[in-house]
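> The sequence isn't on hand, but the structure is:
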Ligand SMILES: [Zn+2]
Ligand SMILES: [Zn+2]
């Protein structure tokens, strides 16, 4: 049995060596993945498997190393085509023989993406960059239908060209002025014959203790560049207006710190008929309150009074909500009709799944009745006659019924009366 176990382990190790790894699979991308997709896969997976996030988990550590290995192989055009031609084993052998070993230290690579020393900012002495809050305007229809979209912001990034060194040749030297200390002792004469030594920040290297020969052209030696950076955001159906989405370590980068978090707030933006309404839906004019939607519908006097009308309201996803009344069904001005289930989708973690069906809030339709400001004279005469006929027969006199005084006292008269009294 002892034998068997050893043999099995040996076989396993053998199998791993023979089969090797598929770098594309490691990053979860296709063979035709773009540079951008490879980068974004690395960003996500390296954070996920980072040993600081998975203390004591050796598998995660191995994956972390593998992910950076895969990134290094596929991010460079030359080595990618070499990998594509040779396959894993021959590629690895070639790399090792070429004296490049395993490429960068995986933590170095991580720090080129997220700054700092390649760790997650929870180590003593490790600085963390500021968190950043961004507001992104989202159309109501996207809150209703759900959408994955992209926005851009000017993010400070570690310079790719010099890998964050600031040097054209990527080589950083010890500052000769302060001998790498970052500080210098300066003698000050405070009075004749009295000299004191003061420790000052090295003006040659700005206190960093490092200097470079030739500044990187891309960043001018600043080690960072600010450039438009796309961020992908997924709006789930029914997410609240003002919902916050956190992107860990995706705020401004710097070699001096671990990037802070990017906090994105999704806010409903004013509807724009051109941009947000490709389907020409009425729903773009809905107003949202929590899970409910509000809509104002206009009726003519005839419709409000006599009934016999329909409206087709085009909702935010293009489906039709039918409103209407049969003949004889009256709607009072200002009446609010509740249409159940035609409000916003009620957000749920599971979304629309087998276990869970999306429920919806209500749609509230408020009716406004519009009186015509002109009429054909024939129509006016006929209507007048009609009203006169029924008014005399059994008309309602709202003035009489109100119990208000019959005698009319004008405001000016009232004032005059007062003056008389005072005299
Ligand atoms: Zn210095
Ligand atoms: Zn640079």
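Sure thing, it's come through. Values in this document were obtained by computation on a predicted structure and should not be read as measured data. Residues are numbered from 1 along each chain as shown. Ligands and ions are numbered 1, 2, ... in the order given.
> Give me the neighbour count for the residue in the stretch 1-150 of the chain positioned nearest to ligand 1.
Among the residues of the stretch 1-150 of the chain, residue 127 lies nearest to ligand 1; the distance is 19.9 Å by Cβ to the ion. Backbone N, C-alpha and C define where each C-beta goes, glycine included. Residue 127: 12 surrounding residues under other Cβ atoms under 10 Å.
> pLDDT at it, what is it?
pLDDT, residue 127: 84.
> Let the chain start at 23 from now.
Taking 23 as the first residue, the last one we looked at is residue 149.
> Can you report how many residues lie near the residue nearest to it when sequence neighbours are not counted?
Using Cβ to Cβ, 6 or more residues apart in numbering and skipping residues adjacent in sequence, the residue nearest residue 149 is residue 279, 4.1 Å away. For residue 279, the count of nearby residues is 19 (other Cβ under 10 Å).
> so residue 279 makes contact with residue 150?
Yes - here residue 279 reaches residue 150: they are 5.8 Å apart, a contact under Cβ atoms under 8 Å.
> Ligand 1 contacts on the chain?
By the rule Cβ under 5 Å from the ion, the part of the chain lying against ligand 1 is 197, 199-200, 224, 226-227.
> rerun that using 6 Å as the cut-off
197, 199-200, 224, 226-227, 231 (Cβ under 6 Å from the ion).
> So residue 140 sits against residue 132, correct?
Yes - the criterion here is Cβ under 8 Å, and residue 140 meets it with residue 132 at 4.3 Å.
> And the residue of the stretch 323-445 of the chain that's closest to ligand 1?
residue 371 (53.6 Å).
> Give me the secondary structure label for that residue.
coil (DSSP: H, G, I helix; E, B strand; the rest coil).
> Near it, how many other residues are there?
Neighbours of residue 371 (other Cβ under 10 Å): 7.
> before we move on, what about residue 108?
14.
> Now do the strands in the stretch 323-445 of the chain.
Under the criterion DSSP state E, counting those that start in this stretch, the stretch 323-445 of the chain carries strands at the ranges 331-336, 342-347, 358-361, 385-392.
> nope, the stretch 173-322 of the chain is what I was after
Under DSSP E, counting those that start in this stretch, the stretch 173-322 of the chain gives strands at 195-196, 205-213, 216-223, 232-233, 246-257, 265-269, 284-290, 309-311, 314-322.
> And the longest one, what does it pack against?
Translated: strand 246-257. strand 169-180, strand 284-290 (3 or more Cβ pairs under 8 Å, 6 or more residues apart in numbering; DSSP states H and E).
> now swap in the third one and tell me
Contact here means 3+ Cβ pairs under 8 Å, 6+ apart; on that basis strand 216-223 packs against strand 205-213.
> how about the strand it packs on: buried residues?
residue 206 (16 or more other Cβ atoms under 10 Å).
> pretty sure residue 138 contacts residue 130?
No - using Cβ under 8 Å as the test, residue 138 is too far from residue 130 to be in contact (11.2 Å).
> Compare neighbour counts for those two and give me the winner.
Set residue 138 next to residue 130 and count neighbours by other Cβ under 10 Å: residue 138 wins out with 23 against 14.
> Which part of the stretch 273-422 of the chain gets nearest to ligand 2, residue-wise?
For the stretch 273-422 of the chain, Cβ to the ion, closest residue to ligand 2: residue 277, 10.4 Å.
> neighbours around residue 148, how many?
15.
> distance of it from ligand 2?
23 Å (Cβ to the ion, to the nearest Å).
> Repeat that for residue 94.
19 Å.
> And for residue 55?
26 Å.
> in what helix or strand does the closest residue to that residue other than its chain neighbours lie?
Excluding the flanking residues, the one nearest residue 55 by Cβ to Cβ, 6+ apart is residue 46, at 6.9 Å. Following DSSP states H and E, one finds residue 46 within helix 45-49.
> outside of that helix, which residues touch it?
Contact partners of helix 45-49, identified using Cβ atoms under 8 Å, 6 or more residues apart in numbering, comprise 52-53, 55, 60, 63-64, 67, 88-89, 91-93, 95-96, 105, 110.
> ok so, going back, mind checking how far the residue of the stretch 23-172 of the chain closest to ligand 1 is from residue 224?
For residue 149, the distance to residue 224 (Cβ to Cβ, to the nearest Å) stands at 20 Å.
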